[in-house]
Structure formats: C-alpha cells, structure tokens
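J.: Need a 3D model of the following:
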Amino acid sequence: MLESSKIHVGYAEARGASSASIYLSSFGAACCQCRSANVSDDQLVTKVITWKRTTSSRSSSSRNPLANKDDNDDSGSDFIEEFCMISGSHSSTLERMYAWERKLYDEVKASESIQKEYDLALHAVDSISKRLEKMRDEELLPQLLELIQGLTRMWKAMLECHHSQYITISLAYHAKSSSVAPPGETQRQIINQLQDEVEYFGLSFTDWVNSYTSYVEALNSWLQNCILQPRERYKGRRAFSPRRYLAPPIFVLCRDWSAGIKSLPSQEVSDAIKAFLSDLRNSIRHQAEESRKTETTINLQNNEADGENKAENEDRPSNISCIQASLTRVLDRLTKFSESSVKMCEDIKQKCDLARTAYDNYRAPPRSFSI
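T.: Below you'll find the predicted structure:
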C-alpha cells in the first residue's frame, strides 16, 4: 500500500543527496553503531531507514540547504526502521509483474497446442474436401451423364408412342363410325373406368414431375453450397455463371438441367388432363340424365312399343365427340412434352461436353468461385 508520508532512503543513495540529507544519514549511521557494536559493515550498508516526512521537514531540509542545526535535530526524530515507498511497494510490483508474465507464458504455450490442433483440423478438412471433389468429378458426373442418356432414349420412345396415339385418335375423330355403340350401362362402366385411369395417370404425372424437379434442384443447390458466397451482395453484381468462371463441368450440367426442367410444358399437360376429366364427368352425368328420361318414357308406353323403343335406343350410336377432342388434346400435349424433354437432354449432354473440354484445357491454379 502507498504511504504518502514516508520515503525510502538507503545508504547506497547518500551520494546524490543534499548536504542536509548526507548529515542526517551520517547521524543515523552513528546512532545505529552505538546501539549495536557487533553489526558488520555489510549489515550497515544494507540497513534501511525510513524518514517520516512532513510539510515542515520537507520545507526545512530539502528546500533550504542552509537550515540551522536545531531543525536538523528535529527531523532526525522522524526516522523509523520500517521501509516503504511513496509510489508503492517495489517488491510487490515485481511479484505481480512476474505473475502476469508467467500467465502470459502459459497462455502462449497453450495457444501453441491450440494452433497444432487447428492445423490438424484444417488438414483433415482439406483432405476430405479433395476426396469429395474427386468423387464428384470422377464418379457422380459420369453417373449423371449416363442418367441423361437413358432419359434421352426413354423420351424418344415416349415421343414415338404418343405421336402414334395422337394420329390414331385424330383419324378416329374425323372418320364416320358405322359401328354400333355398346349398351348404355356398359358404356357408363367403360367411361367410369377410363375416368379412374386418367385420374391416376394425371396424379402420377404430377408426382413424377415434382420428384424429377426436386431431385435436380437438390443437386444444383448442393453444388451452389460449394461456392464461396460473398457477405454482401451488390445490386449490379451478376449472378454466378459456371461457364464464365470455368467451373467443373458438373456445375454446368446441373445448372442447365435445372433451368431446362423449368421450361418444360408440364403445366400444359396437367391442364389438358384436367379438361379431359371434366369432359368425362360431364359425359357420365349426361348419360345418367338420358337414361332416366328413357326409363320414364318406356314406362308410359305399352309393352309392344316398349320393346321397339329399347331396340331403337340400343341401336342408336353414341355421341362421344367431345371426349375424342379432349383426348386428342391430351395426346398432343404429351407429344410436345416428350419432344421438349428429348431436346433438353440432348442440349445438356452437348453443353456438358463443351464445358468439360474447356475445363480440361484450363491450366491456371484453382480459385474460389463466388457470386
């Protein structure tokens, strides 16, 4: 603790002091020699005395070097054997500084071990990243290309099938059918079964398109996570382009695939199927109404006329022109969808091959991709 009324004075500091201080120091040494004659010279040198300073003593001894002897005698009575500095204990300061230095040393040593662990973690991350990149380029990319080639063959077969169906239904629509329609109950059963199959086909088509889109979007989103994103996006900054930055070809493939799926006319197919189902329901409802009217008319006639009317109703051809028109529209949309799918897959394959050639010819060191 600081003691503002005391100052440390040692024998080793007597040379640079004032004449009054030298006199007081000599006087203190003589007093100490009188009290203990057996004290050695080393003990006298290291002995420390304390001068209890007051305002009067400072003004008389330090400000006026020519102070009288009585003043000096009075100041000598202020010496005590305790040792303390005005600015605090020097040894305590050194001890605390040593403690903090020791703590700093321990922290530095601990940080060295943390640095080693950090370097090992970075090495592991880098090793795993390189392995993932190798699997992505050498395994996943060939598999996706093979999948696209299989989809191309599938959609070519579907294109031929839907085109043949479209031609068949179109010709049947314009032809004059002389065949007799099946009885009313049988016709209703056929239309009901057709309605169930078309509903199931429409739901399956929608689910397939959604799953197909989600799969490609998941691949493209995963690849986008491999790109270093800036913390702040500027308004005038262009979107990331795999071709412009010469990214690996799988980036180009998934980007074009995702954009191509969104451009397919899948919604037009779904709308055509819904319109076809609506026409089927209207046809079933119309047939039910006609059947009720026919039964009412038959009940009002006699038995002989009843048999003739039944034969005439059974021989009457069925009017299903609206159903044929809706089915033709559905097959036309399916044909266009298959054609667009074939073109999309072929374009993806061609552009991916060009991107692979450009990437293989690029020999500059790799860099982080950012948008």
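
J.: Show me the helices in the stretch 251-371 of the chain, by range?
T.: 266-300, 303-315, 321-361 (DSSP state H, counting those that start in this stretch).

J.: my bad, should have said the stretch 51-200 of the chain
T.: For the stretch 51-200 of the chain, the helices defined by DSSP H, counting those that start in this stretch cover 55-57, 69-76, 90-135, 141-174, 184-225.

J.: worst average pLDDT in the helices of the stretch 251-371 of the chain?
T.: Lowest mean pLDDT within these: helix 303-315, a mean of 47.

J.: What's the local residue count around residue 355?
T.: 22 (other CB atoms under 10 Å). (Each C-beta comes from the backbone N, C-alpha and C, glycine too.)

J.: Can you give me the distance of it to residue 135?
T.: Distance, residue 355 to residue 135, using CB to CB, to the nearest Å: 19 Å.

J.: returning to what we had before: would you convert the helices of the stretch 51-200 of the chain into JSON lines that also reports mean pLDDT and mean neighbour count?
T.: Converted to JSON lines, these look like this (pLDDT from 0 to 100; neighbours: other CB atoms under 10 Å):
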{"stretch": "helix 55-57", "mean pLDDT": "40", "mean neighbour count": "13"}
{"stretch": "helix 69-76", "mean pLDDT": "48", "mean neighbour count": "14"}
{"stretch": "helix 90-135", "mean pLDDT": "92", "mean neighbour count": "10"}
{"stretch": "helix 141-174", "mean pLDDT": "92", "mean neighbour count": "15"}
{"stretch": "helix 184-225", "mean pLDDT": "91", "mean neighbour count": "14"}
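
J.: which stretch among these comes nearest residue 327?
T.: helix 141-174 (5.5 Å; CB to CB).

J.: if we can go back for a sec, got the helices of the stretch 51-200 of the chain as a markdown table, with distance to residue 328 columns?
T.: Supplementary listing: the helices of the stretch 51-200 of the chain in a markdown table, determined by distance: least, CB to CB, whole Å:
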| stretch | distance to residue 328 |
| --- | --- |
| helix 55-57 | 119 |
| helix 69-76 | 126 |
| helix 90-135 | 48 |
| helix 141-174 | 5 |
| helix 184-225 | 14 |
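
J.: What does the pLDDT read for residue 87?
T.: 76.

J.: actually residue 265, not the one I typed
T.: Per the predicted model, pLDDT is 95 at residue 265.

J.: so what's it closest to, chain neighbours aside?
T.: residue 337 (5.5 Å; CB to CB, 6 or more residues apart in numbering).

J.: burial measure for the one you found, as a count.
T.: Each residue near residue 337 was counted by other CB under 10 Å, and the total is 22.

J.: distance of it from residue 357?
T.: Distance, residue 337 to residue 357, by CB to CB: 31 Å.

J.: what does residue 192 give?
T.: Counting by CB to CB, the gap from residue 192 to residue 357 is 57 Å.

J.: secondary structure class for residue 246?
T.: Secondary structure, DSSP: H, G, I helix; E, B strand; the rest coil: residue 246 is coil.

J.: That one: what's it in contact with?
T.: Going by CB atoms under 8 Å, 6 or more residues apart in numbering, residue 246 touches 358-359, 362.

J.: Got the domain ranges for the chain?
T.: Domain assignment for the chain, taken from automatic domain parsing, gives 6-88, 134-361.

J.: what's the pLDDT at residue 368?
T.: The model reports residue 368 with a pLDDT of 49.

J.: what residues are up against residue 267?
T.: Contacts of residue 267 (CB under 8 Å, 6+ apart): none.

J.: same check, this time on residue 344
T.: Residues in contact with residue 344 (CB under 8 Å, 6+ apart) are 257, 260-261, 263-264.

J.: Which of those ranks first by neighbour count?
T.: Of the contacts of residue 344, with other CB under 10 Å as the count, residue 257 tops at 23 neighbours.

J.: nearest residue to that residue other than its sequence neighbours?
T.: Closest to residue 257 by CB to CB, 6+ apart is residue 216, at 5.0 Å.
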